[in-house]
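Colleague: here is the input, now give the coordinates:
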Amino acid sequence: MTPKGIWPSLSAAAIVAISGASEAQQYGPTRLQIEGPVQVETEKSLRVQEDFPQKIDARFRLFKTQNIWTFIELDTATGRLWQVQYGVGDKSSAAGRFPISLVALAPEGKAGRFTLYETTNRWNYILLDQDTGRVWQAQYSLEATGAGVFPIQDPPMPKDAP
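Modeller: Numbers count the residues shown, from 1 in each chain. Below is the predicted model of the structure:
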């Protein structure tokens, strides 16, 4: 059986999701190396996820969201965020790059200073300043007013704390 949905331009580093796959599966003349999580949609379908490596110290990085049409773009030097949407066919009208926060959290930062961590809430991420340890809740939205970056403050210390 030759897997369906694999494009000729697919790199060897692509993560291929196959039901019950061992580390390497043989499909006719093509040998696929399984390098990541194995996931199945149906017995006859093959799902390919391409997670290309990104430079950790790059000035700008894209982060996946659970919305298939949306990424979050992070300026890793300043902490600024944009929601990047794309579409196919009738969805293309929603395509664009929309600001989540244009406030520079570290105006003189260096590339790689900020990163994002996904949470279990599909709309929220944790934005971390890797130099200071400060954290923010970064929220994207399909509504014009729902997105933003909100500081996560340390709880106040009791007055009798050492």
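
Colleague: against Lys55, how distant is Gln66?
Modeller: For Gln66, the distance to Lys55 (C-beta to C-beta, to the nearest Å) stands at 24 Å. Yep, even glycine has a C-beta here, placed from its N, CA and C like the rest.

Colleague: quick one, strands of the chain?
Modeller: Assignment of strands within the chain using DSSP state E yields the ranges 15-17, 24-27, 30-33, 47-49, 60-64, 70-75, 81-85, 96-101, 114-118, 124-129, 135-139, 148-152.

Colleague: export those to a markdown table and tack on mean pLDDT and distance to Asp160?
Modeller: Written out in a markdown table, the entries for the strands of the chain read as follows (pLDDT from 0 to 100; distance: least, C-beta to C-beta, whole Å):
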| stretch | mean pLDDT | distance to Asp160 |
| --- | --- | --- |
| strand 15-17 | 36 | 53 |
| strand 24-27 | 41 | 61 |
| strand 30-33 | 43 | 59 |
| strand 47-49 | 44 | 52 |
| strand 60-64 | 94 | 42 |
| strand 70-75 | 96 | 40 |
| strand 81-85 | 95 | 39 |
| strand 96-101 | 94 | 37 |
| strand 114-118 | 95 | 34 |
| strand 124-129 | 96 | 30 |
| strand 135-139 | 96 | 26 |
| strand 148-152 | 95 | 25 |
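
Colleague: with mean neighbour count added, can I get the ones you listed in TSV?
Modeller: Conversion of those to TSV gives the following (neighbours: other C-beta atoms under 10 Å):
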stretch	mean neighbour count
strand 15-17	18
strand 24-27	12
strand 30-33	13
strand 47-49	14
strand 60-64	16
strand 70-75	20
strand 81-85	21
strand 96-101	16
strand 114-118	17
strand 124-129	18
strand 135-139	19
strand 148-152	13
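
Colleague: these into JSON lines, with extra columns for distance to Pro107?
Modeller: Conversion of the strands of the chain to JSON lines gives the following (distance: least, C-beta to C-beta, whole Å):
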{"stretch": "strand 15-17", "distance to Pro107": "37"}
{"stretch": "strand 24-27", "distance to Pro107": "49"}
{"stretch": "strand 30-33", "distance to Pro107": "44"}
{"stretch": "strand 47-49", "distance to Pro107": "36"}
{"stretch": "strand 60-64", "distance to Pro107": "16"}
{"stretch": "strand 70-75", "distance to Pro107": "11"}
{"stretch": "strand 81-85", "distance to Pro107": "15"}
{"stretch": "strand 96-101", "distance to Pro107": "14"}
{"stretch": "strand 114-118", "distance to Pro107": "12"}
{"stretch": "strand 124-129", "distance to Pro107": "12"}
{"stretch": "strand 135-139", "distance to Pro107": "16"}
{"stretch": "strand 148-152", "distance to Pro107": "15"}
